[in-house]
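Undergrad: This is a predicted model, with the sequence first.
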Amino acid sequence: MQYKLVCFDVDGTLVDNVIFSWELFHNYFEVDIDKREEMKKKYFNGEINYLEWANHDINMWIKKEATKENFFKAMKNLKLMKGAMETIKELKKHKIKLAIISGSLDIILKKVLPDYKELFDDVFLSHLIFDKDEKLIDAKVTQYDMLQKAEALRLIAKRENIDLKHTVHIGDHHNDVEIAKIAGLSIAFDCKDDTLRKTADVVIDKKDIREILKHIIS
């Protein structure tokens with residue numbers, strides 16, 4: 001199979017030492033756990049949409065007067081997944097289009113992969129907005145997380161005239177299940193979710209993302 005588009009999740013896939021970036025920042029800023037859980041339940045019960053959930057949580061950080069420096073302190077243990085740069089370069093060498101489809105936050109990649117916009121053809125991420133004093137004031141939230149990740153893949157494939165069977169998705173958690181169902185090849189990498197493990201075509205437990213290459217490049 002000749003694959004033409006490879007899509008990556010961020011937290012736990014391209015970036016190591018983090019499962020959910022939102023949770024990492026919630027814990028760092030010590031926001032109200034009950035309010036966090038209440039909105040999470042409302043989302044999963046279908047009472048609110050993803051954007052309402054995300055914007056609510058970002059407002060909790062704004063109320064804490066979060067600064068860019070705070071975010072970087074919270075991320076002190078984060079690093080690029082082993083083999084990530086070599087993997088990206090190898091895929092690009094084979095003229096394969098690369099995309100990020102993630103509910104993660106741009107500041108994560110700004111720390112571990114500052115030139116991500118040059119490396120990836122498409123980026124679906126949430127973006128934090130800071131004022132001139134580097135205080136968080138707003139965010140541009142992606143709707144393409146959870147169930148909507150699959151929709152982002154469809155959008156790219158349609159625009160680029162790529163059949164879905166020629167697409168690959170790499171992810172690690174429950175929000176990758178729906179996109180895994182429609183990708184031509186779905187890879188569960190360092191998987192933390194049983195449903196994704198059962199859904200994916202390939203499961204890689206070794207924490208070295210170069211392991212995906214043998215499944216993509218013939």
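TA: Nice, I can see it.

Undergrad: Can you tell me the SS state at the nearest residue to Asp145 once chain neighbours are set aside?
TA: Distances taken as Cβ to Cβ, 6 or more residues apart in numbering put Gly103 closest to Asp145, at 2.8 Å, once the chain neighbours are dropped. C-beta here means a position set from N, CA and C on the backbone, and glycine is covered the same way. In three-state terms, and counting by DSSP: H, G, I helix; E, B strand; the rest coil, Gly103 is strand.

Undergrad: for Ile170, same thing?
TA: Under three-state DSSP, Ile170 falls in the strand class.

Undergrad: Spatially nearest residue to it, not counting backbone neighbours?
TA: Beyond its immediate neighbours in the sequence, the residue positioned closest to Ile170 (Cβ to Cβ, 6+ apart) is Ile187, lying 4.6 Å away.

Undergrad: now swap in Ala180 and tell me
TA: Closest to Ala180 by Cβ to Cβ, 6+ apart is Ser186, at 3.6 Å.

Undergrad: That neighbour: neighbour count?
TA: Counted with other Cβ atoms under 10 Å, residues neighbouring Ser186 total 23.

Undergrad: cool, the one 10 residues further on as well?
TA: Other residues within reach of Leu196, judged by other Cβ under 10 Å, total 24.

Undergrad: Enumerate the positions of stretch 126-138 that are buried.
TA: Ser126, Leu128, Phe130, Leu136 (16 or more other Cβ atoms under 10 Å).

Undergrad: Where does the record place the domain boundaries for the protein?
TA: For the chain, automatic domain parsing gives the domain ranges 5-18+78-128+138-216, 21-74.

Undergrad: The longest helix seen in the chain packs against which elements?
TA: What stands out as the longest helix in the chain, according to DSSP state H, is helix 50-63. Counting contacts by 3 or more Cβ pairs under 8 Å, 6 or more residues apart in numbering; DSSP states H and E, helix 50-63 is packed against helix 21-29, helix 33-44, strand 136-140.

Undergrad: so who does the closest residue to Val31 other than its chain neighbours touch?
TA: What sits nearest to Val31 in space, not counting adjacent residues and going by Cβ to Cβ, 6+ apart, is Met60, at 4.3 Å. Residues in contact with Met60 (Cβ atoms under 8 Å, 6 or more residues apart in numbering) are His26, Phe29, Val31, Asp32, Lys35, Arg36.
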